[in-house]
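**Student:** How does the following fold in three dimensions:
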Amino acid sequence: MSQREFVAFVAALMAVNALGVDLMLPALADIGHRLAIATANQRQWIITIYMLGFGSGQLVYGPLADRYGRRPVLLISLLGFVGASVFAGGSQTFAALLGARFLQGLMSASTRVLAVAIVRDRFSGRQMARTLSVAQMIFFLVPILAPSIGQVLLAFGPWRFIFYALAAFAAFVLSWTFFRLGESLLVERRSPLSLAALGQAYRLTLTNRYSAGYAVAASMTFGAIIAFVSSAQQIFVEEFHAGTRFTILFAICAFSMGCAAFANSRLVERLGTRLISQSALLGLIALSVLHIGVMAAGFETLLTYMVFQALSMTCIGLCGSNFGAMAMEPVGHIAGTASSIQGFITSVGAVIVGSLIGQSYNGTTYPLAIGYLAIGLVVLAIVYWVEGGRLFHAHHAR
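**Tutor:** Reported below is the predicted structural model:
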């Protein structure tokens, strides 16, 4: 692949997972009605259970990809995602839908692990962060467009159409992989699939302060995204009575993350991952404090919420890809397995954090703002520990 096609392919690979989360947001209320889901907060499990499968599956794909190569593992998992999407579309009960969603998450986990591993096979350091940022800039168009696409699909048929559309998109990426993706892991660089090799890879990944610390930091910031996505429909529809504008308002928030990814791709090689991510982290904390103050003073409106949410998502976007690149930097020689372990930490940790905040929804935006503040403070403490008490200090700059 050319450089441009490679970036587009990585973005499409990431988009499989993003569509799996965001495409059905406009249909949550209809799914809840058709499958007799008791409460609005229970509908959040349609998102959460998918992310749980997504996190759990990542432990498997890295070792398999390090042993057998990236391409065959990706082909099989994408085929599994197509089947799981069809199964979800045919679900007749809430339990069956949750089972299908968990299976979707298990299959889509490969897209995260292998996207990072394939990029790491070709790049490292700031160049890796820049490549991921460019891919994520394209990828962030998906959350902007996905709810609108979902709304259009609902205009032509029932909520089941959304899952069939997911199957069609995954089949497209499957074809792209089959015909265009070359194997990025040379045979001589492959690792044996053994308990001893896995144990060594786990030890290296989990005992390296930068690898483990920044993986946990990434999980916290990712948790903020899950909290927003899982409760966005309730916030816009129930609190601000803006159901007719939901797709537009959601797109604005997602667009802010796309802008962050674009800015990061242009600046990271010059300023470095630490300066950008740590500045954004302090910005998230300050915004959260101000937002809580506005709510406490009784001045919260749809406009103030949108301003604070969009700015907060910008800060979160500037943290995410940089934390991921810094976590991967010291373990590039075991990129597949390390990506699996870090992805598991990031995704499962994010599900726990996002669920705690999302399930705390009480008809106001307080839980989200307080959750963002808590995330910011905890991540700041983690970063301070990882960096040995030295913030804004370049390390392994390339």
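**Student:** now A167, nearest residue through space, not along the chain?
**Tutor:** S85 (3.8 Å; Cβ to Cβ, 6 or more residues apart in numbering). Every residue, glycine included, has its C-beta placed from N, CA and C.
**Student:** looking at it, that neighbour is touching I162, isn't it?
**Tutor:** No: assessed by Cβ atoms under 8 Å, S85 is found out of contact with I162, at 9.2 Å.
**Student:** quick one on the thing from earlier: and the residue nearest to A167, how many neighbours?
**Tutor:** S85 has 28 neighbours, counted by other Cβ atoms under 10 Å.
**Student:** Okay, and it sits in which element?
**Tutor:** Using DSSP states H and E, S85 maps to helix 70-89.
**Student:** Could you list every helix and strand in contact with the host helix or strand of F163?
**Tutor:** Using DSSP H and E, the element containing F163 is helix 160-180. Where contact means 3 or more Cβ pairs under 8 Å, 6 or more residues apart in numbering; DSSP states H and E, helix 160-180 is packed against helix 3-22, helix 70-89, helix 141-156.
**Student:** just how off-centre is the last one within its chain?
**Tutor:** Okay, so that is helix 141-156. 18 Å (Cα atoms, centre = their mean, to the nearest Å).
**Student:** Buried residues of that helix, list them for me.
**Tutor:** Along helix 141-156, these residues count as buried under the neighbour rule (16 or more other Cβ atoms under 10 Å): 141-151, 153-154.
**Student:** again, but for stretch 3-13
**Tutor:** Neighbour counts over stretch 3-13 (16+ other Cβ under 10 Å) mark 6-13 as buried.
**Student:** Averaged pLDDT, that stretch. What do you get?
**Tutor:** The average pLDDT for stretch 3-13 rounds to 87.
**Student:** residues contacting R71?
**Tutor:** 177, 181-183 (Cβ atoms under 8 Å, 6 or more residues apart in numbering).
**Student:** try 7 Å this time
**Tutor:** If you count contacts by Cβ atoms under 7 Å, 6 or more residues apart in numbering, R71 has them with 177, 181, 183.
**Student:** can you redo those residues as JSON lines with pLDDT, neighbour count and distance to H241?
**Tutor:** Converted to JSON lines, the contacts of R71 look like this (pLDDT from 0 to 100; neighbours: other Cβ atoms under 10 Å; distance: Cβ to Cβ, whole Å):
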{"residue": "T177", "pLDDT": "95", "neighbour count": "19", "distance to H241": "44"}
{"residue": "L181", "pLDDT": "89", "neighbour count": "20", "distance to H241": "46"}
{"residue": "E183", "pLDDT": "87", "neighbour count": "13", "distance to H241": "53"}
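**Student:** And those, which is closest to S56?
**Tutor:** Ranked by distance to S56 (Cβ to Cβ), the contacts of R71 are led by T177 at 22.7 Å.
**Student:** doesn't S77 make contact with the closest one?
**Tutor:** No: judged on Cβ atoms under 7 Å, T177 makes no contact with S77 at a distance of 10.1 Å.
**Student:** Counting neighbours, what do you get for W159?
**Tutor:** W159 - counted by other Cβ under 10 Å - has 22 other residues nearby.
**Student:** One more: S256?
**Tutor:** Other residues lying near S256 total 21 when counted by other Cβ under 10 Å.
**Student:** Show the model's pLDDT score for it.
**Tutor:** pLDDT for S256: 87.
**Student:** and Q127, how many neighbours?
**Tutor:** 15.
**Student:** Name the helix or strand for it, please.
**Tutor:** Applying DSSP H and E, one finds Q127 within helix 125-139.
**Student:** can you check R67 too?
**Tutor:** helix 45-68.
**Student:** and that helix, what does it pack onto?
**Tutor:** Here helix 45-68 touches helix 3-22, helix 70-89, helix 94-122, helix 209-234, helix 335-358, going by 3 or more Cβ pairs under 7 Å, 6 or more residues apart in numbering; DSSP states H and E.
**Student:** Apply 8 Å and report the result again.
**Tutor:** Using 3+ Cβ pairs under 8 Å, 6+ apart: helix 45-68 touches helix 3-22, helix 70-89, helix 94-122, helix 195-207, helix 209-234, helix 335-358.
**Student:** helix or strand right after the first one?
**Tutor:** Proceeding N to C from helix 3-22, the next assigned helix or strand is helix 28-34, under DSSP H and E.
**Student:** List of residues touching that following helix?
**Tutor:** By Cβ under 8 Å, 6+ apart, helix 28-34 touches 24, 37, 40, 42-43, 46, 97, 154, 158-159, 233, 237.
**Student:** Rebuild the residues you listed as TSV, extending it with pLDDT.
**Tutor:** As requested, the contacts of helix 28-34 are exported to TSV (pLDDT from 0 to 100):
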residue	pLDDT
M24	86
I37	80
A40	74
Q42	85
R43	85
I46	91
L97	95
L154	90
P158	91
W159	92
Q233	83
V237	87
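**Student:** For the residue sitting furthest away from the middle of the chain, what are phi and psi?
**Tutor:** What lies farthest from the middle of the chain is A297; by Cα atoms, centre = their mean that is 33.3 Å. For A297, the backbone dihedrals (degrees, to the nearest 10) come out as phi -80, psi 0.
**Student:** Now do the contacts for V348.
**Tutor:** By Cβ under 8 Å, 6+ apart, the contact set of V348 is 52, 55-56, 219.
**Student:** Could you export those to TSV, including columns for pLDDT?
**Tutor:** Putting those into TSV (pLDDT from 0 to 100) gives the following:
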residue	pLDDT
L52	89
G55	85
S56	87
S219	92
